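Peer 1: When you get a sec, could you give me coordinates for this:
(one chain, ligands or ions: 1)
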Amino acid sequence: MRHPKPLAEIVSTGRYVPSNVVTNDDLAARMDTSDEWIRTRTGIRARRIAPDQEGAAHMGAAAARIALERARVDPGEVDILVLSTATPDRWLPSTACDVQALLGCTNAVAFDIMAACSGFIYGLSMAEGYLAAGRGEVALVVSTEKMSSIVDWNDRSTCVLFGDGAGAAVVKPSNGSGRGILSSHLRSDGNLAQLLWRPAGGALTPLTADVLAKGDHFVRMAGREVFKNAVRSMAEASHAALHDAGLTAADVDLLVPHQANLRIIDATAKYAGIPPEKVFINLDRYGNMSSASIPVALDEAREQGLIGQGANVLTAAFGAGLTWGAMAWRF
Ligand code: COA
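Peer 2: From the prediction side, this is the model:
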């Protein structure tokens, strides 16, 4: 959606990844796979895996603390805390409420959204709308994923793709300087839910001994179909977001895409007309951290000085739902 002027801006970011690095060779020692297969098919070399005692809330709070400190915002000043996760620590209450408690964001309305890998840009869009409606001055968007807890470690075609981590952003109303969210183009298609899903374990098919034995509570994915949809959707969304922002590919200083697969990223960049040197990539070190991928990448890109003042940044995401979208930002 096009805005005549930005309504909200990201004022700071933060990230947290667990310290435990698991390489492709580590996986190859445990299952029938190889560094060569994983690297050439996906671009992934390693991922972080959280220990048992470290859940989604712990990681999300750690990322959020850094973002809050950098923005010089006290936890009590946060008006809305939107948290995206596909891996809540438990089903009730929300992980957002756990993060709220860990941080001391006592004045915030806190809730989870579930948009899989697109969760960060969905969350940002909700925060933007809340702030634009005048309902608050400070939003905290947190994306935190313990993917290692929901993949089937006996399914080599999915488990090698994912990793754990969290990213966060503090969002405030734009101050008229032109910085902020220039456009957002978000979409979903529930008809394609079964391409990437957890078939059982919810209200319709509760956990039973049979479900557990079959592993139907784990992530199941039709890899090739997801791949094709991801390329098409991210390319289309990128075009739309650029168009709505009044930008061309040449105006983009950095593309910070969802980090699922290097070949998907390359295709998205190619269709969007953005050269490889303007594409930020960290999936070689982290794998796919679902909705945490974009904020972690954004935080690393800022830390590396790749996003200067006035930089135009494009992001594009894709995930289960199916959900997808793109956003253009000016920093
Ligand atoms: N190690 C070694 N071999 C593996 C393997 C692994 N980890 N996983 C699968 N294989 C095998 C398969 O069993 C198959 O063997 P077969 O030909 O004997 O049946 C072979 O490799 C090829 O599998 P295929 O599915 O055709 O590979 P692919 O080129 O489509 O790549 C993905 C598979 C998963 C890497 C690719 O489809 C993909 O990245 N899809 C998108 C997934 C994604 O990003 N999802 C998240 C979106 S947010």
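Peer 1: State the helix or strand in which the nearest residue to T248 once chain neighbours are set aside lies.
Peer 2: Spatial nearest neighbour of T248, excluding adjacent residues (Cβ to Cβ, 6 or more residues apart in numbering): L242 at 6.7 Å. For glycine as for every other residue, the C-beta is placed from the backbone atoms N, C-alpha and C. Using DSSP states H and E, L242 sits in helix 223-245.
Peer 1: Next: S143.
Peer 2: Here S143 is assigned to strand 139-146, by DSSP H and E.
Peer 1: Is the helix or strand that comes right after that strand in proximity to the ligand?
Peer 2: Sequence order places helix 156-159 as the next helix or strand after strand 139-146, per DSSP H and E. Yes: Helix 156-159 is in contact with the ligand by Cβ under 6 Å from any ligand atom, via 156-157.
Peer 1: what's the next helix or strand after helix 156-159 packed up against?
Peer 2: Moving toward the C-terminus from helix 156-159, the next helix or strand (DSSP H and E) is strand 164-173. When contacts are defined as 3 or more Cβ pairs under 8 Å, 6 or more residues apart in numbering; DSSP states H and E, strand 164-173 packs onto strand 8-16, strand 46-48, helix 56-71, helix 119-132, strand 139-146, helix 293-303.
Peer 1: the inter-axis angle of the next helix or strand after strand 164-173 versus strand 8-16?
Peer 2: Following strand 164-173 in sequence order, the next helix or strand is strand 180-188 (DSSP H and E). Here strand 180-188 runs at an angle of 70 degrees relative to strand 8-16 (axes from the mean of the first three to the mean of the last three Cα atoms, to 10 degrees).
Peer 1: tell me the mean pLDDT over strand 180-188?
Peer 2: Averaging pLDDT along strand 180-188 yields 96.
Peer 1: List of residues touching that strand?
Peer 2: The contact list for strand 180-188 (Cβ atoms under 8 Å, 6 or more residues apart in numbering) reads 1-3, 6-10, 115, 118, 121-122, 124-125, 128, 174, 233, 237, 240-247, 312, 321-330.
Peer 1: Give me every residue in the stretch 1-150 of the chain lying close to the ligand.
Peer 2: Counting by Cβ under 6 Å from any ligand atom, the residues of the stretch 1-150 of the chain near the ligand are 33, 37-38, 41-42, 117.
Peer 1: Pick the most deeply packed of the helices and strands packed on strand 164-173.
Peer 2: strand 139-146 (a mean of 32; mean count of other Cβ atoms under 10 Å).
Peer 1: Partner strands of that strand and their direction?
Peer 2: In the sheet, strand 139-146 lines up against strand 80-84 (parallel), strand 164-173 (antiparallel) (DSSP bridges).
Peer 1: of all those, which lies closest to R15?
Peer 2: Judged by Cβ to Cβ, the one of the strands paired with strand 139-146 that comes nearest to R15 is strand 164-173, at 4.8 Å.
Peer 1: what comes up buried for that closest one?
Peer 2: 164-173 (16 or more other Cβ atoms under 10 Å).
Peer 1: Pick out the most distant pair among these.
Peer 2: D164 and P173, at 32.5 Å, using Cβ to Cβ across the buried residues of strand 164-173.
Peer 1: re earlier: for my notes, please list the buried residues of strand 164-173 in TSV and give distance to the ligand for each entry.
Peer 2: Listed next are these as TSV, based on distance: Cβ to the nearest ligand atom, whole Å:
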residue	distance to the ligand
D164	15
G165	14
A166	17
G167	16
A168	20
A169	20
V170	26
V171	24
K172	29
P173	31
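Peer 1: could you dump those residues to TSV with pLDDT?
Peer 2: Formatted as TSV, those follow (pLDDT from 0 to 100):
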residue	pLDDT
D164	98
G165	98
A166	98
G167	98
A168	98
A169	98
V170	98
V171	98
K172	98
P173	97
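Peer 1: List the contacts of S174.
Peer 2: Per Cβ under 8 Å, 6+ apart, neighbours of S174: 5-9, 180.
Peer 1: which stretches of the stretch 201-331 of the chain form helices?
Peer 2: 209-214, 223-245, 262-272, 283-286, 293-303 (DSSP state H, counting those that start in this stretch).
Peer 1: To L68, which of those lies closest?
Peer 2: helix 293-303 (13.2 Å).
Peer 1: chain center to the closest one: distance?
Peer 2: 10 Å (Cα atoms, centre = their mean, to the nearest Å).
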